[in-house]
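Colleague: task: produce atomic coordinates for the following.
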Amino acid sequence: MKVVIVGGVAGGATAAARIRRLDEQAEIVVFERSGYISYANCGLPYYIGNVISDPEALTLQTPESFFARFRIRMKVHHEVTAIHPDKKTVSVKNLETGETFEESYDKLLLSPGARPTRPKILGTGLEQVFTLRTVEDTFKLKAYIDRHRPKSAVLAGGGFIGLELAENLRQLGMEVTIVQRPRQLMNPFDSDMAAFIHGEMRVHGVRLVLGHTVEGFVGKDDGVDVLLKDTPSLHADLVVLAIGVTPDTALAKEAGLTLGIKDSILVNDRMETSVLDIYAVGDAVQVKHAVTGQDTLISLAGPANKQGRIAADNICGGDSRYSGSQGSSVIKVFDLTAAVTGLNETNAKKAGLDVDKVILSPMSHAGYYPGGKLMTMKVVFEKGTYRLLGAQIVGYEGVDKRIDVLAAAIHIGMKATELETLDLAYAPPYSSAKDPVNMAGFMVDNIEKGILRQWFLEDLDGLFRNENAILLDVRTAEEYNNGHIEEFRNIPVDELRQRLDEVEPGKPVYVICQSGLRSYIACRILAGYGYEAYNFAGGFRFYDAVLHDRRLIESATACGMN
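Modeller: This is a model prediction of the structure:
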């Protein structure tokens, strides 16, 4: 059997090695148009910032090491220019010599990946305008920085690459501005959770221009003017386009393969395309979202690696299936860690689901053990069924651990109420006897049993208009005086029983505290005396962070700066 693979990196290189492990006699040829067949995409921004100092550390395998171990021919600087399914051949061009030839195959695997989205606007070809997707892109940007010593950069796009690059450029001493059309960074997160990411970026001196559209670039004064719609332009020494990626599927389209969203390659759960003996994996393919079952595009290394393994199994006569992607991811944002899995609240509603949520602020480990730090968790579930849909966590220590537990829970179809039953490892330096994941489960269980009723930030305007609503802040007087929501009266939770005569009976009571715990206790006290009480999800800390962020964005709308 002869297998030709178009593209290396995550999907193609993984598939090649797996095929060899399953079939020692197979002839395997990989064509990669860049000079690198297996490299760490996610490490590229850290090489720019000198966190990774050795460029060879970015390359996981070389053509020589691959051949030595697996006897696989890795042909770098070779571009496949056409696929001929009728003849079962591909046309190839050697980019170093210009030579062209045809290569036959029994099985063909496409792993072309995705290319940086380059909008059709003025100036994208300027010397000072870069993208960051390949090792070559990285070396080019790094060389420019080392040669010209730029003092400022504008990053167009606030996703993974934009945030990681912003951190690394700041560590090089540059002034950094992120411009993003949506009014938030990191779209996998809901806007309320993104507020914590925004805050961390601002603390470290990154300027955010959110809700603004880049319309072009003009070279000026050895730098670039970034033209914004309805807003004065920005000037910087260099620009990086990081507005997303587009499936690189021109080959598949020309060969007549069936395409899906944004011209991605349509595959079944065996990673087979519409054409016999042609498979496809990675950022170029359309997949099913593991939670909704809807078609989607998810450009992450983990899914690409899994798909490469599955395609290899099936090429070798097996029957492996891909169950879909749920978008689990984590990112370092200066000192902060932000992680997400499954659906956020926004996308769950767009998918037509009736959703509920809990928001909590647990410590990373036992409170009595030194060094614990707060994290903010948002867990989204389906009303009625309590099916776990997604989770977002922003914090410091232990964020990655909790998101992985929640990702596994979603994968196996757990209900949000069942999170309380998980038997998770505990020792004071690492967790609490009631882990944050368990705590989320306790809260959802209380909702199911009618013990906990919640109100949310989006309810606040309605409460102000509700003359019957009693608004109650149960923090200490000192906390209240340091900042509170207007129209909320203060009765500390430990004084509530003695001061119940100040709470008019027969009216609903909406309660808030710093994190949501004391207000929950207050709600239970009030319920014990016949009141209808609702607890604010997230607490004043959450309210203050989100509202502060929204005010900054609103105030910056006119001047293009926040």
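
Colleague: per-residue confidence at the residue lying farthest from the centre of the chain?
Modeller: Using Cα atoms, centre = their mean, the residue of the chain lying farthest from its centre is residue 501. It sits 48.7 Å away. As predicted, residue 501 sits at a pLDDT of 95.

Colleague: relative to residue 491, how far out is it?
Modeller: From residue 501 over to residue 491 the distance is 11 Å, taken as Cβ to Cβ, to the nearest Å. Heads up, the C-betas are built off the backbone N, CA and C, glycines and all.

Colleague: next one: residue 90
Modeller: 75 Å.

Colleague: which of these two has more neighbours?
Modeller: Taking other Cβ atoms under 10 Å, residue 90 and residue 491 do not tie; residue 90 has more neighbours (24 against 20).

Colleague: so the more buried one sits against residue 82, correct?
Modeller: Yes. Contact criterion Cβ atoms under 8 Å: residue 90 and residue 82 qualify, at 6.8 Å.

Colleague: so what sits against both of those two?
Modeller: Jointly contacting residue 90 and residue 82 under the rule Cβ atoms under 8 Å, 6 or more residues apart in numbering is no residue at all.

Colleague: check contacts around residue 92.
Modeller: Shown in contact with residue 92 (Cβ under 8 Å, 6+ apart): 31, 75, 78-81, 100-103.

Colleague: identify the bridge partners of it.
Modeller: Legend: beta-bridge partners of residue 92 under DSSP bridges are residue 80, residue 101.

Colleague: ok, back up a step: ok, and the most crowded of the contacts of residue 92?
Modeller: Ranked by the number of neighbours (other Cβ under 10 Å), the contacts of residue 92 place residue 31 first, at 24 neighbours.

Colleague: who are the contact partners of that residue?
Modeller: Neighbouring residues of residue 31 by Cβ under 8 Å, 6+ apart: 4-7, 75, 78-80, 90, 92, 103.

Colleague: pull the contacting residues for residue 178.
Modeller: Going by Cβ under 8 Å, 6+ apart, residue 178 touches 154-155, 157-158, 162-163, 166, 185, 201, 206-209.

Colleague: got phi/psi on it?
Modeller: Main-chain torsions, residue 178, degrees, to the nearest 10: phi -110, psi 130.

Colleague: from residue 159, how far off is it?
Modeller: Residue 178 is 10 Å from residue 159, where distance means Cβ to Cβ.

Colleague: nearest to residue 265 among the contacts of residue 92?
Modeller: Nearest to residue 265 out of the contacts of residue 92 is residue 80 (Cβ to Cβ; 14.1 Å).

Colleague: one step back: mind checking which of the contacts of residue 31 land in strands?
Modeller: Using DSSP state E, 4-6, 75, 78-80, 90, 92, 103 are the members of the contacts of residue 31 that sit in strands.

Colleague: could you save those residues as TSV and add columns showing pLDDT and distance to residue 357?
Modeller: As requested, these are exported to TSV (pLDDT from 0 to 100; distance: Cβ to Cβ, whole Å):
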residue	pLDDT	distance to residue 357
4	98	48
5	97	43
6	97	43
75	94	50
78	96	50
79	96	48
80	97	46
90	98	49
92	98	52
103	98	53
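
Colleague: same list (those) but as a markdown table, adding distance to residue 51.
Modeller: Output for the ones in strands among the contacts of residue 31, formatted as a markdown table (distance: Cβ to Cβ, whole Å):
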| residue | distance to residue 51 |
| --- | --- |
| 4 | 37 |
| 5 | 31 |
| 6 | 32 |
| 75 | 32 |
| 78 | 32 |
| 79 | 32 |
| 80 | 34 |
| 90 | 38 |
| 92 | 37 |
| 103 | 39 |
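
Colleague: buried residues in the host helix or strand of residue 233?
Modeller: Applying DSSP states H and E as the criterion places residue 233 in strand 231-236. Neighbour-count burial for strand 231-236, counted by 16 or more other Cβ atoms under 10 Å, picks out 231, 233-234, 236.

Colleague: go on, stretch 125-141?
Modeller: Under the neighbour-count criterion of 16+ other Cβ under 10 Å, stretch 125-141 has 128-135, 137-139, 141 buried.

Colleague: what's the farthest-apart pair in those?
Modeller: Greatest spatial distance among the buried residues of stretch 125-141 (Cβ to Cβ): 128 and 135, at 20.5 Å.

Colleague: can you give me the strands in the stretch 251-400 of the chain?
Modeller: Taking DSSP state E, counting those that start in this stretch, the strands of the stretch 251-400 of the chain run over residues 265-266, 278-280, 285-288, 295-296, 329-333, 336-342, 355-360, 376-382, 388-395.

Colleague: state the mean pLDDT of the second one.
Modeller: Which is strand 278-280. For strand 278-280, the mean confidence score works out to 98.

Colleague: what packs against that strand?
Modeller: With contacts taken as 3 or more Cβ pairs under 8 Å, 6 or more residues apart in numbering; DSSP states H and E, strand 278-280 sits against strand 107-110, helix 301-315.

Colleague: just say which of those is most tucked in.
Modeller: strand 107-110 (a mean of 27; mean count of other Cβ atoms under 10 Å).

Colleague: same question for that one, mean pLDDT?
Modeller: For strand 107-110, the mean per-residue pLDDT is 98.

Colleague: which helices and strands does the following helix or strand past that strand pack with?
Modeller: Once the chain leaves strand 107-110, the next helix or strand it forms, by DSSP H and E, is strand 114-116. With contacts taken as 3+ Cβ pairs under 8 Å, 6+ apart, strand 114-116 sits against strand 245-247.

Colleague: partners of the strand it packs on in the sheet?
Modeller: Strand pairing for strand 245-247, determined by DSSP bridges: strand 114-116 (antiparallel).

Colleague: residues in contact with whichever helix or strand comes after the partner strand?
Modeller: Per DSSP H and E, the first helix or strand lying C-terminal to strand 114-116 is strand 129-131. Under the contact criterion Cβ under 8 Å, 6+ apart, strand 129-131 has outside partners 116, 118, 123, 137, 140-141, 144, 217, 224, 238-242.

Colleague: give the buried subset of those as a PyMOL selection command.
Modeller: Typed into PyMOL, the line below selects the buried ones among these, using 16+ other Cβ under 10 Å:
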select buried, resi 116+123+137+141+144+217+224+238+239+240+241+242
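
Colleague: closest one of the contacts of strand 129-131 to residue 546?
Modeller: residue 242 (25.1 Å).

Colleague: where does this protein have low pLDDT?
Modeller: Scanning the chain for pLDDT under 70 picks out the ranges 40, 60, 557-562.

Colleague: follow-up on the earlier one: which residues do residue 178 and residue 159 both contact?
Modeller: Contacts common to residue 178 and residue 159, judged by Cβ under 8 Å, 6+ apart, are residue 185.

Colleague: in JSON lines: the contacts of residue 31, plus distance to residue 280.
Modeller: Shown next, in JSON lines, are the contacts of residue 31 (distance: Cβ to Cβ, whole Å):
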{"residue": "4", "distance to residue 280": "13"}
{"residue": "5", "distance to residue 280": "11"}
{"residue": "6", "distance to residue 280": "9"}
{"residue": "7", "distance to residue 280": "10"}
{"residue": "75", "distance to residue 280": "19"}
{"residue": "78", "distance to residue 280": "19"}
{"residue": "79", "distance to residue 280": "17"}
{"residue": "80", "distance to residue 280": "13"}
{"residue": "90", "distance to residue 280": "14"}
{"residue": "92", "distance to residue 280": "18"}
{"residue": "103", "distance to residue 280": "18"}
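
Colleague: select the longest helix from the protein.
Modeller: Across the chain, the longest stretch assigned as helix under DSSP state H is helix 539-556.
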